[in-house]
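[1] 3D model of this:
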Amino acid sequence: MSTFYLLMYHSRMDTGWRDRDAATSTAASPTDTPFADAFVALFGEVKEYFEKAFGELGVPPPCAKALRAIEGPTSMKELAARLRCDGSFVTAIADALEERELARRETDPRDRRVKNLVLTPEGETLRDQVQQLFEGFPGIARLAPEERDSLIALLRKMASQA
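    Sure, this is the predicted structure:
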C-alpha cells in the first residue's frame, strides 16, 4: 500500500464514529443536545471543506496539517507533538511529503541522531496555499470580529479542559 493511500485511509478512519457512539453512549441532557447538534453540523461542514480543498491541491489532510506545522527545520519528534500524533505516523507523513518533493529530511547539526523535516520551495508554496484555506474557514466570515474573538476564547477554554 502506498504512503498516499495509507494517509488517506488514516484520515477517514473516523467515519463510523456516529454509529459506534449511538450504540454505546448514554442519553445526553437536554441542554447538551443543541450544542452537540450544532457542533456536529459545523464539524461536517469543516471536514467536507478541507477534504475537498486538500484533494484539489493533491495532498492528503495529514500532509496539509504537517505543512502548516513545519516552520524551518522541524524535528520529527516536534512535528509529532505539534500534530498530536504518534511518531510512526509522522514517518508516513514525512515519506509522503518527500515523495511529492515538498520536504526533505536533514540530519540535525547539533545531534546527528535527530532528523529534521525542511520544506522545499514547492512545499513552502503549498504551505502558503494551505494557509489561505484556513483563512477561509467555513462560517467564519459570517461572524462579527467580536463574535470570532468570543468563539476562539470559548473553544480554547473547552479544549483546555479536555
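[2] quick one, strands of the chain?
    74-75, 103-108, 111-119 (DSSP state E).
[3] quick one: contacts of the last one?
    Residues outside strand 111-119 that contact it (CB atoms under 8 Å, 6 or more residues apart in numbering) are 66-67, 70, 72-77, 79, 94, 97, 102-108, 127. For glycine as for every other residue, the C-beta is placed from the backbone atoms N, C-alpha and C.
[4] sorry, back to before: export the strands of the chain to TSV and tack on mean pLDDT and mean neighbour count?
    Converted to TSV, those look like this (pLDDT from 0 to 100; neighbours: other CB atoms under 10 Å):
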stretch	mean pLDDT	mean neighbour count
strand 74-75	96	16
strand 103-108	95	15
strand 111-119	94	15
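[5] in CSV: the ones you listed, plus distance to L57.
    Conversion of the strands of the chain to CSV gives the following (distance: least, CB to CB, whole Å):
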stretch, distance to L57
strand 74-75, 20
strand 103-108, 15
strand 111-119, 15
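[6] looking at the ones you listed, which is nearest to G58?
    Comparing those against G58 with CB to CB, the closest turns out to be strand 103-108 (14.8 Å).
[7] and P121, how far from F35?
    When CB to CB, to the nearest Å is applied, the distance between P121 and F35 equals 44 Å.
[8] ignore the last one, R100
    Applying CB to CB, the value for R100 to F35 is 39 Å.
[9] who has more neighbours, those two?
    R100 (18 against 10; other CB atoms under 10 Å).
[10] which non-adjacent residue is nearest the more buried one?
    For R100, the nearest residue in space outside its immediate sequence neighbours is V59; the separation is 7.2 Å by CB to CB, 6 or more residues apart in numbering.
[11] what's the end-to-end length of stretch 59-74?
    Using CA to CA, to the nearest Å, the end-to-end distance of stretch 59-74 comes out at 20 Å.
[12] return the helix or strand in this structure with minimum mean pLDDT.
    For the chain, the helix or strand with the lowest mean confidence is helix 17-24, at a mean of 43 (criterion: mean pLDDT, DSSP states H and E).
[13] now do the contacts for the spatially most central residue of the chain.
    For the chain, the residue nearest the mean C-alpha position is K65 (4.1 Å; CA atoms, centre = their mean). K65 makes contact with L83, according to CB under 8 Å, 6+ apart.
[14] do the same with the one 4 residues further on
    With CB under 8 Å, 6+ apart as the criterion, the residues that contact A69 are 79, 82-83.
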